[in-house]
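**Q** just a sequence and a predicted model for now, questions to come.
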Amino acid sequence: MALTADRNTPSRSGQQFSYPLAAAKLFAGSIGVINSSGYLTKGSTATGLKCVGRINAQVDNSAGNAGDVSGEVENGTFRWKNSAAADAITLAEVGTVCYIVDDQAVAKTSGTGTRSPAGIVVDVDADGVWVRMGRDAL
């Protein structure tokens, strides 16, 4: 049914979200992903993970059941550790997709189909790789 009066439409900034947590412990500042069951967990070398951003605060559900608690993630551009050797990301990869190695590192390739996308490479410096990640990155 179409509006016939003004509507107070709720909104979100689109930067921070809270998701039900897998049975895991996540550290602040780590890569956050949604697993195939729909729960927030830490980044790892695996397929089928959906990168949702950076974990904002440590949260521990390792002794609980999936969904017992929630964890906060933030969308944005963050600096992560660079992979090594042939999988190290260089300035030539700016604008391309990079892949999750673990909860703090990214790589140039999918590791022959074993890694999930992390986001888009924005910059590379001596300290790591700047990656745009979250809901609008891929």
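**A** Okay, I see it.
**Q** is it fair to say residue 92 lies in a strand?
**A** No. With DSSP: H, G, I helix; E, B strand; the rest coil as the criterion, residue 92 is located in helix rather than a strand.
**Q** what's around it, how many residues?
**A** Neighbourhood size, residue 92 [other C-beta atoms under 10 Å]: 10. The way it works is simple: take the backbone N, C-alpha and C, and place the C-beta from them, glycine included.
**Q** return the helix or strand in this structure with minimum mean pLDDT.
**A** strand 16-20 (a mean of 93; mean pLDDT, DSSP states H and E).
**Q** just checking, next helix/strand downstream of that one?
**A** Per DSSP states H and E, the first helix or strand lying C-terminal to strand 16-20 is strand 25-26.
**Q** now for that following strand, which elements pack on it?
**A** Judged by 3 or more C-beta pairs under 8 Å, 6 or more residues apart in numbering; DSSP states H and E, strand 25-26 is in contact with strand 40-42, strand 59-60.
**Q** quick one: strands adjacent to it?
**A** Within its sheet, strand 25-26 is paired with strand 59-60 (antiparallel), according to DSSP bridges.
**Q** re earlier: of the helices and strands packed on strand 25-26, flag the one that's most buried.
**A** Ranked by mean neighbour count under mean count of other C-beta atoms under 10 Å, those are led by strand 40-42, which reaches a mean of 25.
**Q** can I get the strand ranked longest in the chain as PDB, trimmed to CA atoms?
**A** Across the chain, the longest stretch assigned as strand under DSSP state E is strand 117-125. What follows is strand 117-125 as a C-alpha-only set of coordinates in PDB (Å, rounded to 0.1, in the frame of the first residue of the first chain):
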ATOM      1  CA  PRO A 117      37.800 -12.800  -1.100                       C
ATOM      2  CA  ALA A 118      38.700 -10.200   1.400                       C
ATOM      3  CA  GLY A 119      38.000  -7.000  -0.500                       C
ATOM      4  CA  ILE A 120      39.500  -4.600  -2.900                       C
ATOM      5  CA  VAL A 121      43.200  -3.500  -2.700                       C
ATOM      6  CA  VAL A 122      43.300   0.300  -2.200                       C
ATOM      7  CA  ASP A 123      47.000   0.800  -1.500                       C
ATOM      8  CA  VAL A 124      50.200  -1.100  -0.400                       C
ATOM      9  CA  ASP A 125      52.900   0.300   1.800                       C
END
